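Enquirer: quick one: sequence and predicted model below, then my questions.
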Amino acid sequence: MTTPRFDELIHPSTRLSIVSLLAAADWADFGYIRGQLGLSDSALSKQLSTLEQAGYVTVDRSIRRRVRARLTTDGRAAFQGHVAALQAIVATANAPSTGSVGDRRRN
């Protein structure tokens, strides 16, 4: 079972989308990621660099001007923990109410 852990680095929508897409693949080409997410080259490059510096993504630039990326083991664990944290937040919001939260009784 994955321990819920909210991750501020992954949470911004662009990075969450990138990590989510990479979680479903072994490797993904830069052009594929860019096209799927509708990002510019510079925006994707910046976000991949941020994820790479955190150790969440490996970027391979060695194959004839081809750039591809994949999640590292740490990146996959961080993503799974973040998803578990989001699921816990949603579960709390969907839980049946047993009373008013923050309601004070006045005498």
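Expert: It's in.

Enquirer: from now on I want contacts and neighbour counts done on CA atoms only, so please keep to that.
Expert: Will do.

Enquirer: list the strands paired with the lowest-mean-pLDDT helix or strand in the chain, with their directions.
Expert: Least confident helix or strand, the chain: strand 57-63 with a mean of 91, by mean pLDDT, DSSP states H and E. Strand 57-63 sits in its sheet next to strand 66-71 (antiparallel), going by DSSP bridges.

Enquirer: outside of the strand it pairs with itself, list whatever touches it.
Expert: With CA atoms under 8 Å, 6 or more residues apart in numbering as the test, strand 66-71 has contacts from 19, 22-23, 25-30, 56-61.

Enquirer: contacting residues for Arg64?
Expert: Contacts of Arg64 (CA under 8 Å, 6+ apart): none.

Enquirer: er, Thr73 actually
Expert: Per CA under 8 Å, 6+ apart, neighbours of Thr73: Tyr56.

Enquirer: report the separation between it and Gly55.
Expert: Relative to Gly55, Thr73 is positioned 9 Å away (CA to CA, to the nearest Å).

Enquirer: cool, thanks, talk later.
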